[in-house]
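**Student:** need the 3D shape of this:
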Amino acid sequence: MELRHLRYFIAVADELSFTRAAQRLHTAQPSLSQQIRNLEDEVGTPLFERTRRKVELTDAGKVFLAEARLVVAQADRAVARARQVGLGRATVTIGFVPAAEIRVFPVILPRLRLRFPEVHVELRSLPTAEQEDALLRGDIDVAFMRRPVVSPELRSEVVLTEPLVVVLPSSHPLAKQKRIAPAQLSGEPFISTHPQFSGQVHSVAEAYCEAHGIERKVAQVATNILLNLNLVGMGLGYALLPAYVSSLTSSAICTRPLEGEPPTIDLLMVSRKEPHSAELEALFELVRENEA
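**Tutor:** So this is what the prediction gives:
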């Protein structure tokens with residue numbers, strides 16, 4: 001089995017048409033059909049169901065497609081990395097959520113550049129839900145993300161633990177207090193985070209409210225932290241967010257700690273388990289030193 005077989009298979013799977021796939025690959029359709037039959041013979045099971053009217057992936061084909069994409073992406077990444085090294089320039093691609101941008105990068109990235117002045121750092125702001133797939137595809141080298149981490153092919157470690165704080169409009173009566181009791185939030189308009197985009201922030205806040213009997217009167221659901229802060233600043237309600245947002249507040253917003261034991265949330269540094277470049281290992285060590 002060669003990489004070209006996987007590329008042919010992916011093209012047919014994307015197009016669900018041998019004619020369109022052949023045009024995309026600039027090859028003859030009979031040749032493409034034969035290559036796919038050879039691939040199916042090697043795999044030992046049909047990957048496509050073919051009729052005169054349509055082409056569909058079999059269940060085996062769907063599984064094979066996911067793995068084939070990973071293999072091709074990894075091969076392309078290997079070529080790109082080798083070219084970069086050959087040109088004397090390595091790249092470290094980092095996926096991140098805002099907490100890393102505020103609490104980790106300002107200290108770590110200048111140190112990394114001092115140690116490796118030729119390294120090119122590419123930053124990609126991605127929701128937690130997208131970062132694991134990006135790691136597995138090889139689109140990013142390391143992710144700074146929230147839980148959960150599902151794949152056994154990845155390793156993770158906690159690099160930051162911080163409490164959730166109450167984010168309030170500065171004009172809110174509770175803003176006059178130094179600390180806020182959970183009961184004082186019950187029934188107040190609440191700006192919720194979106195579970196698909198906020199990772200563990202949503203579930204931690206939800207569990208805290210349930211444990212303390214806080215009635216959440218959801219006024220708005222925000223798909224990112226800045227929108228959440230803007231909605232609070234408009235006076236539409238309060239939010240429960242990680243403490244790093246204290247550095248993002250304006251005159252219209254304030255943050256207050258919770259009384260008692262506040263809920264906490266972790267920021268994880270996640271990477272593939274494979275051997276890493278010297279630049280990436282240096283990044284890991286700098287993060288660990290900063291944490292200590």
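**Student:** what are the boundaries of the helices in the chain?
**Tutor:** Here the chain has its helices, by DSSP state H, at 3-15, 18-25, 29-43, 59-86, 98-103, 105-115, 128-137, 195-198, 200-211, 225-233, 278-291.
**Student:** any chance of the ones you listed in JSON lines, plus mean pLDDT, distance to Gly187 and mean neighbour count?
**Tutor:** Glycine gets a C-beta too; all of them are placed from N, C-alpha and C. Rendered in JSON lines, the data for the helices of the chain read as follows (pLDDT from 0 to 100; distance: least, Cβ to Cβ, whole Å; neighbours: other Cβ atoms under 10 Å):
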{"stretch": "helix 3-15", "mean pLDDT": "91", "distance to Gly187": "51", "mean neighbour count": "18"}
{"stretch": "helix 18-25", "mean pLDDT": "90", "distance to Gly187": "57", "mean neighbour count": "17"}
{"stretch": "helix 29-43", "mean pLDDT": "91", "distance to Gly187": "59", "mean neighbour count": "15"}
{"stretch": "helix 59-86", "mean pLDDT": "80", "distance to Gly187": "46", "mean neighbour count": "14"}
{"stretch": "helix 98-103", "mean pLDDT": "94", "distance to Gly187": "29", "mean neighbour count": "20"}
{"stretch": "helix 105-115", "mean pLDDT": "93", "distance to Gly187": "38", "mean neighbour count": "14"}
{"stretch": "helix 128-137", "mean pLDDT": "91", "distance to Gly187": "30", "mean neighbour count": "19"}
{"stretch": "helix 195-198", "mean pLDDT": "86", "distance to Gly187": "22", "mean neighbour count": "18"}
{"stretch": "helix 200-211", "mean pLDDT": "95", "distance to Gly187": "11", "mean neighbour count": "18"}
{"stretch": "helix 225-233", "mean pLDDT": "94", "distance to Gly187": "17", "mean neighbour count": "20"}
{"stretch": "helix 278-291", "mean pLDDT": "90", "distance to Gly187": "39", "mean neighbour count": "16"}
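**Student:** burial count for Glu188?
**Tutor:** 17 (other Cβ atoms under 10 Å).
**Student:** so how far is Leu16 from the nearest residue to it once chain neighbours are set aside?
**Tutor:** With Cβ to Cβ, 6 or more residues apart in numbering as the criterion, Glu188 has its nearest non-adjacent residue at 5.7 Å, and that residue is Tyr238. Computed as Cβ to Cβ, to the nearest Å, the Tyr238 to Leu16 distance reads 49 Å.
**Student:** settle it for me: which of the two has more neighbours?
**Tutor:** For Tyr238 versus Leu16, the count of surrounding residues by other Cβ under 10 Å is larger for Tyr238: 22 against 13.
**Student:** from memory that one sits against Phe190, does it?
**Tutor:** Yes - with contact defined as Cβ atoms under 8 Å, Tyr238 reaches Phe190; the gap is 6.4 Å.
**Student:** what's the end-to-end length of stretch 91-107?
**Tutor:** Taking Cα to Cα, to the nearest Å as the measure, stretch 91-107 stretches 19 Å from start to finish.
**Student:** ok, now which ones touch the nearest residue to Ser271 once chain neighbours are set aside?
**Tutor:** Beyond its immediate neighbours in the sequence, the residue positioned closest to Ser271 (Cβ to Cβ, 6+ apart) is Val142, lying 4.7 Å away. When contacts are counted by Cβ atoms under 8 Å, 6 or more residues apart in numbering, Val142 is found next to 92-95, 135, 269-271, 280, 283-284.
**Student:** where in the stretch 151-292 of the chain is pLDDT low?
**Tutor:** Along the stretch 151-292 of the chain, segments meeting pLDDT under 70 span 292.
**Student:** do that again at 90, thanks
**Tutor:** Under the criterion pLDDT under 90, the flagged ranges of the stretch 151-292 of the chain are 195-199, 249-250, 274-279, 290-292.
**Student:** ok, which stretches of it are strands?
**Tutor:** Ranges of strands within the stretch 151-292 of the chain are 154-169, 189-193, 217-222, 239-242, 253-256, 264-272, based on DSSP state E, counting those that start in this stretch.
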